[in-house]
Structure formats: C-alpha cells, structure tokens
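Enquirer: no sequence on this one, just coordinates:
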C-alpha cells in the first residue's frame, strides 16, 4: 500500500454493524476505506434485532437498504401490553409517519443476519476493503496519518491510514490506548435474551404484535418476532444464576402457553450499562458505537444510537478530505453526538426500564398522540445541538408533525421540478 497521504484510506477497526455501516458511509462519499476485524468470521452471537426508521434512512442513503429489507421482517405496530392481563395499554402505529418518511415502519433482523448483508454490500462496493483476522496491537499518530500495527496469521503488519475510527465495541482497545474513560453506571440487573424456534403464527396462533413490550412490576418481558424465530428478553435479578435451557423453556411456556414444539436456538446475557466515554476524539482517532457509548438495548437504543454516529462522521471526513472544510469540522462530531448518547439514549433507556417495570406512572418516555410516539420510537425525533446552545431533543409529542428546527433531520419530502416530475427525496 502506498504511503502517499493523498491515497491513504480511512481505517475502521471492527466489522460489527456500526463498523460496516461506517465503512459503507465513507465509500458512499467517495472516501477510500479499509476495515480491520480481529476475528476470522463475523459474529454468530444472539444480539440486537430491531432496526429503527432513522437507521433505515441511513442504510438507504448508503445503498444497502434493499438488501437488508429482503432479509428482514417489517413491523408496523409496536405494542405496549400489561403482562398480568395480556391487555394492550398502548399501540404505537408507525403508519402515521407516511408524510414524514418513505419508511414508516421498523424492521426486525438479528445482528448475526444483518452483518453478512452489510459485508456483502461492502465487498461489492469496495472490493478488498475488509480484512478479517487482523487484530489491532497499537497505533502511532503522525501529523498526516496514523500507523496501525496489526497481528495477522502471516505475522505483524503496519498499515498507514488517514484517520482511525474505533468501532471495536464496549471493550475497545483503541479507546484504552487514547486514554478515554467511560463514565456512568453498570447496574446489577442483567438481561436474559432467548431465541426460540416455535410456531405462534399457524400451529399455535397468538394475538401478539410482532414487537411487543409486556410491562410488569415483577418481571417485564419483550417479545420480538424475528424472520426465523421468536425472541424473548426479560430481566435477571442481581445474583440470579443463568437459567438452564430447561428452565428457559419452562419460562417460555408459562408466558406463551403450551405449544406443539419449542426449541431454544440461542441465548445471551447482557449487562445493563449506561456509560459514555469522556471524549470521542484524540487527534486523528475517533470513537463510534459501543466504543463511545455503552447503552444497553431498550427500545432498540443500542445499535441504532451507534448508527447515528455512522451517519454523522463520514460526511464530515469527506468534506475535509475534499478540501471543502477545515479539519475543525470534525470537532462537531462529538459536540453533536455525545449529548444524544449521554443525555438522550441513556436517559430514555433508563426511563423505558422504569416504564416497563411500572416503577413510575409517567417517566416521560410516552406522550399523548400517536404521531409523536411513533416519531420518537423510530428515532426520527433526534434533534442535534448544532450551535452548542444545549438545545437538542430526542422526543416528539402530539398528533401532528411539528415545525422543523435547526439540528433536526431534513423532512423526507418529494421535490418537484418544473416538469412536475418527482425528483430525489430528502433524507
């Protein structure tokens, strides 16, 4: 690889969803990119499974949405139910967003099925950009580049890159090397995630929304219909041992009733975090996704908050590398995204946990008006603090669209030229 700075790619460490989407974003803006993943294969763990409307818009912009939709399950209703009675207390209908976005829905697709789709699109867009089995050892910053030292099956390798983007997860080695500290709290409570192969559609029909939140002060439950399974998520109390597969199967039957067949095909335990790095940039090195913020999934705020990072930083780098802006433009990345993670997604996740456990009548996460709830739950309500005044938001309210303010996403509306034909819609 040439060391000429004009030809140096931007380096991404980590080929999880945020790393792959960031790489697709850089490629979309014409920025050379190279991705390093320490494992030889993509993750097969049972992980995040709901992709929100705001993320769908980002995937569309980066040219991969059609591929993702082909492998996903569309969700037009987010149900809120009382677990003790099975009665629906609220239904968030995303169809009210038809005038706001061309994607008035969310989708369910497990992370281990999403990642191969993203990888295939990256391989087609930038052949050879992804390097598996490349573990970061360390890196050295220079005025015009970052030299990245990697361990591979063929020995050590040093690769120069223009910038280094850390998408290497909650235990980020890059974050450790720049000396950034994650601040916040890790709770004693954990989440138990279980994927079940069971037919609740035909053989044993259940009248559940395909994305349903069952609130209960004793043990709340989240039910997610994935393309090839049903997923359950519920809290594990502090000190509780990991349940056996037999215990998990019994718990599932107590919740859904007897079924003809039931098979556990995957499990995972999440620690509950609300922690954010104290800084997201050190010279030419940037943190994204879980490397910058550990927001335990609730209302799908984990992965989807990371995609906001993958939407914010690539265009800034493209403008700087094209000479359209000074390097100071990159400073706006942390200024805009850190409050969303630290005060927005983290606080909303905590409020959602209280709402699910019925610890508060109104913790401020649900409002009057379906449009506002749908706009908020799709993450379309994120309004960035673009002028540094502290004026930002995560929540919309009411039954009708609100005026567009500085820092909000551009409305997804058709543009009509002189011929009357529809042109490119805004995202």
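Expert: Nice, I can see it. All values derive from a computational prediction rather than experimental measurement.
Enquirer: now the chain, which segments are flagged as low pLDDT?
Expert: For the chain, the stretches with pLDDT under 70 are 1-6, 46, 297, 360-368, 413-414, 420-427.
Enquirer: What ranges does it have for its helices?
Expert: According to DSSP state H, the chain carries its helices in the segments 17-28, 53-61, 65-70, 111-125, 173-178, 245-256, 301-322, 332-339, 346-356, 370-377.
Enquirer: looking at those, which is buried most?
Expert: Ranked by mean neighbour count, the helices of the chain are led by helix 17-28 with a mean of 27 (mean count of other C-beta atoms under 10 Å). No exception for glycine: its C-beta is placed from N, CA and C like everyone else's.
Enquirer: From the chain's centroid, how far away is that one?
Expert: Distance of helix 17-28 from its chain centroid, counting by C-alpha atoms, centre = their mean, to the nearest Å, is 13 Å.
Enquirer: helices or strands next to it in the packing?
Expert: On a contact count with 3 or more C-beta pairs under 8 Å, 6 or more residues apart in numbering; DSSP states H and E, helix 17-28 meets strand 10-13, strand 33-37, helix 53-61, helix 111-125, helix 301-322.
Enquirer: Tell me which of these sits nearest to residue 160.
Expert: strand 10-13 (8.6 Å; C-beta to C-beta).
Enquirer: And residue 37, how far from residue 288?
Expert: 15 Å (C-beta to C-beta, to the nearest Å).
Enquirer: Who has more neighbours out of those two?
Expert: Each of residue 37 and residue 288 has its neighbours counted (other C-beta atoms under 10 Å); residue 288 has more, 31 against 25.
Enquirer: Can you name the residues that contact the residue nearest to that one when sequence neighbours are not counted?
Expert: In this structure, residue 288 finds its nearest non-sequential neighbour in residue 309, 4.1 Å apart by C-beta to C-beta, 6 or more residues apart in numbering. With contacts defined as C-beta atoms under 8 Å, 6 or more residues apart in numbering, residue 309 is in contact with 18, 22, 288-289, 292, 333, 337.
Enquirer: Could you rerun that using 7 Å?
Expert: Counting by C-beta atoms under 7 Å, 6 or more residues apart in numbering, residue 309 touches 18, 288-289, 292, 337.
Enquirer: These: which two are farthest apart?
Expert: 18 and 337 (12.1 Å).
Enquirer: ok, back up a step: show me the one of the helices of the chain that comes nearest residue 194.
Expert: helix 245-256 (5.3 Å).
Enquirer: contact partners of the closest one?
Expert: For helix 245-256, contacts defined as C-beta under 7 Å, 6+ apart pick out 194, 196, 200, 206, 221, 232, 262, 264, 267.
Enquirer: let's go with 10 Å and repeat that
Expert: Outside helix 245-256, the residues that touch it by C-beta atoms under 10 Å, 6 or more residues apart in numbering are 83, 86, 192, 194, 196, 198, 200, 204, 206, 208, 214, 219, 221, 223, 230, 232, 234, 241-244, 259, 262-264, 267.
Enquirer: Buried members of these into ChimeraX, please.
Expert: In ChimeraX, this line selects whichever of the contacts of helix 245-256 come out buried by 16 or more other C-beta atoms under 10 Å:
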select :83,192,194,196,198,200,208,214,221,223,230,232,234,243,262,264,267
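Enquirer: Among the helices of the chain, which comes closest to residue 138?
Expert: For residue 138, the closest of the helices of the chain is helix 173-178, at 6.2 Å, according to C-beta to C-beta.
Enquirer: hang on, residue 128 packs against residue 34?
Expert: Yes - with contact defined as C-beta atoms under 10 Å, residue 128 counts as touching residue 34 (8.5 Å).
Enquirer: what about those two, which has more around it?
Expert: Just comparing residue 128 and residue 34: by other C-beta under 10 Å the higher neighbour count belongs to residue 34, 22 against 7.
Enquirer: what bridges to that one?
Expert: residue 11 (DSSP bridges).
Enquirer: ok, it to residue 127 distance?
Expert: The gap separating residue 34 from residue 127 is 12 Å, by C-beta to C-beta.
Enquirer: Residue 173 now?
Expert: Distance from residue 173 to residue 127, by C-beta to C-beta: 27 Å.
Enquirer: Also residue 344?
Expert: Remark: distance between residue 344 and residue 127 (C-beta to C-beta) = 37 Å.
Enquirer: Between those two, which has more neighbouring residues?
Expert: A side-by-side neighbour count of residue 344 and residue 127, using other C-beta under 10 Å, places residue 344 first with 25 against 8.
Enquirer: and of the contacts of residue 309, the nearest to residue 68?
Expert: residue 18 (14.5 Å).
Enquirer: For the residue nearest to that closest one when sequence neighbours are not counted, list the residues it contacts.
Expert: Once flanking residues are discounted, residue 18 sits nearest to residue 289: 3.4 Å by C-beta to C-beta, 6+ apart. Under the criterion of C-beta under 10 Å, 6+ apart, the neighbours of residue 289 are 14, 16-19, 21-22, 165-170, 172, 295, 302-303, 305-310, 341.
Enquirer: so how far is residue 152 from residue 289?
Expert: Residue 289 is 24 Å from residue 152, where distance means C-beta to C-beta.
Enquirer: To what extent is the residue nearest to residue 101 when sequence neighbours are not counted buried, counted in neighbours?
Expert: Setting aside the residues directly before and after it, residue 101 is nearest to residue 412 in space (C-beta to C-beta, 6+ apart), at 4.5 Å. As a burial measure, residue 412 scores 19 neighbours (other C-beta under 10 Å).
Enquirer: Which parts of the stretch 51-200 of the chain are strands?
Expert: Taking DSSP state E, counting those that start in this stretch to define them, one finds strands in the stretch 51-200 of the chain at 73-75, 77-82, 87-93, 106-108, 130-132, 135-142, 145-152, 155-161, 164-166, 182-197.
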